[in-house]
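Peer 1: Sharing a model prediction with you, sequence too.
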Amino acid sequence: MQGTPSPSPPAPVLPTILDIEASGFGPGSYPIEVGFVTSEGKAWCSLIRPEADWQHWDDEAASMHGITRAHIERHGRSVADIANALNERLRGQTVYSDAWAHDYAWLNRIYESAKRSPSFKLDNLRALLDEQQAAHWHEVKASLTGTLGSQRHRASADARLLQQTFLAVQAWRMAEV
């Protein structure tokens, strides 16, 4: 008599991940690009045209993401367009960020300037990880970065890397159990 095969563990549900590139860090910095990858793997990204009073610019940050202020002024969308697009695409969801404190402040800057409120909730990606997964996060992310090769440091590419890192730490944890 053959035994019934044990069921495989369910595949982890992928969270929708949001990432924001900014003019720098700290007071005065502002979002210049926002992107996300949905739980279905669909990516969306847009440059953000700075408001007139958004003047802070950090050349070190610009060297990381490779976006110039002139480029976002020419090709960025208004904060109202960005807020509307995010609300339409993310309505009712909980969306996760690995740099929650920064991304929350920058997202808030978009919505305050657009005089709108988000239709979704932004939460810390860390909330989805147990202690062991969190302890291995950076090593798994570095390994994936090496495996995937050099990618542009941009919002949707970073969101996809974070989503793949989440999947890999979930698989690692399942293998440990």
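Peer 2: Thanks, I have the structure now. Numbers count the residues shown, from 1 in each chain.
Peer 1: What helix or strand is residue 122 located in?
Peer 2: Residue 122 belongs to strand 121-124 when assigned by DSSP states H and E.
Peer 1: Report the strands that pair with that strand, each with its relative direction.
Peer 2: Partner strands and pairing direction for strand 121-124 (DSSP bridges) are strand 94-97 (parallel).
Peer 1: In this structure residue 153 contacts residue 66, no?
Peer 2: Yes: assessed by Cβ atoms under 8 Å, residue 153 is found in contact with residue 66 at 7.1 Å. C-beta coordinates here come from the backbone N, C-alpha and C atoms, glycine included.
Peer 1: one step back: after the strand holding residue 122 comes which helix or strand?
Peer 2: Later in the chain than strand 121-124, the nearest helix or strand by DSSP H and E is helix 131-148.
Peer 1: Please give the centre-to-centre distance between that next one and its chain.
Peer 2: Here the centre of helix 131-148 is set off from its chain's centre by 16 Å, with Cα atoms, centre = their mean, to the nearest Å.
Peer 1: What residues sit buried inside it?
Peer 2: Across helix 131-148, burial judged by 16 or more other Cβ atoms under 10 Å covers 133, 136, 137, 140, 141, 144.
Peer 1: Any buried residues in the next helix or strand after it, and which?
Peer 2: Beyond helix 131-148 in the direction of the C-terminus, DSSP H and E gives the next helix or strand as helix 155-176. Of all the residues in helix 155-176, those buried under the rule 16+ other Cβ under 10 Å are 155-170.
Peer 1: what does helix 155-176 contact?
Peer 2: 9, 12, 14-15, 17-21, 33-37, 41, 43-45, 98, 125, 128-130, 132-133, 136-137, 140-141, 143-145, 148, 151 (Cβ atoms under 8 Å, 6 or more residues apart in numbering).
Peer 1: Quick check on these: which are buried?
Peer 2: Buried among the contacts of helix 155-176 (16+ other Cβ under 10 Å): 14-15, 17-21, 33-37, 44-45, 98, 125, 128-129, 133, 136-137, 140-141, 144.
Peer 1: Output the lowest mean pLDDT helix or strand found in the protein.
Peer 2: Lowest on mean pLDDT, DSSP states H and E among the helices and strands of the chain sits helix 155-176, with a mean of 86.
Peer 1: In contact with residue 74: list those residues for me.
Peer 2: Applying Cβ under 8 Å, 6+ apart to residue 74 gives no contacts.
Peer 1: Can you give me the distance of it to residue 49?
Peer 2: For residue 74, the distance to residue 49 equals 8 Å [Cβ to Cβ, to the nearest Å].
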